[in-house]
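Q: Structure of the sequence below:
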Amino acid sequence: MAKHNILGKRGEDLAAEYLEQHGYTIHDRDWHCGHKDLDLVVTKDDTIVFVEVKTRTSTEWGDPQDFVDDRKIRRIVNSADAYLRYYQIDMDVRFDIISIVMDQGELKVEHIEQAFFPPVE
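A: Presented below is the predicted three-dimensional model:
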């Protein structure tokens, strides 16, 4: 497995642990349907939350969440729509980002609730 894939997998593991410790229920990890994918799908307080996990080894080029651009947001929203339709879910929806920086043994986890809204098209 490539080094960046190992880092991403470790980040998703840490994000899942963090969310469980904060009262979230994990429903899916690394969900795929064709070309659509979601990092984490969780629920809390009657809300389904689609969580994008961004993991980096430093902030030299910016914070991890800075790499969730408009194109990525559209892909996440389209994937979330597919997930909701596939499982016929009718709940409040939220989009979060968990930013993880693992820099020389130090770990920083930042949970950004309601990080973005679906774009209006």
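Q: other SSEs contacting the longest strand along the chain?
A: For the chain, the strand with the greatest residue count under DSSP state E is strand 92-103. For strand 92-103, the packing partners by 3 or more Cβ pairs under 8 Å, 6 or more residues apart in numbering; DSSP states H and E come out as helix 3-21, strand 47-56, helix 70-86, strand 106-112. Just so you know, the C-beta spots here come from the backbone N, C-alpha and C atoms, and that holds for glycine as well.
Q: how far away is the most far-flung residue of the chain relative to its centre from Asp92?
A: Computed with Cα atoms, centre = their mean, the residue of the chain farthest from its C-alpha average is Gln104, at 23.3 Å. Distance of Gln104 to Asp92, given as Cβ to Cβ, to the nearest Å: 39 Å.
Q: same question, Arg85
A: As judged by Cβ to Cβ, Arg85 and Asp92 stand 16 Å apart.
Q: Can you tell me, leaving aside adjacent residues, what's nearest to the residue nearest in space to the middle of the chain?
A: Compute the mean C-alpha point of the chain, and by Cα atoms, centre = their mean the closest residue is Glu52, 1.7 Å away. Counting by Cβ to Cβ, 6 or more residues apart in numbering, Glu52 lies nearest to Ile97, which is 5.0 Å off, once chain neighbours are set aside.
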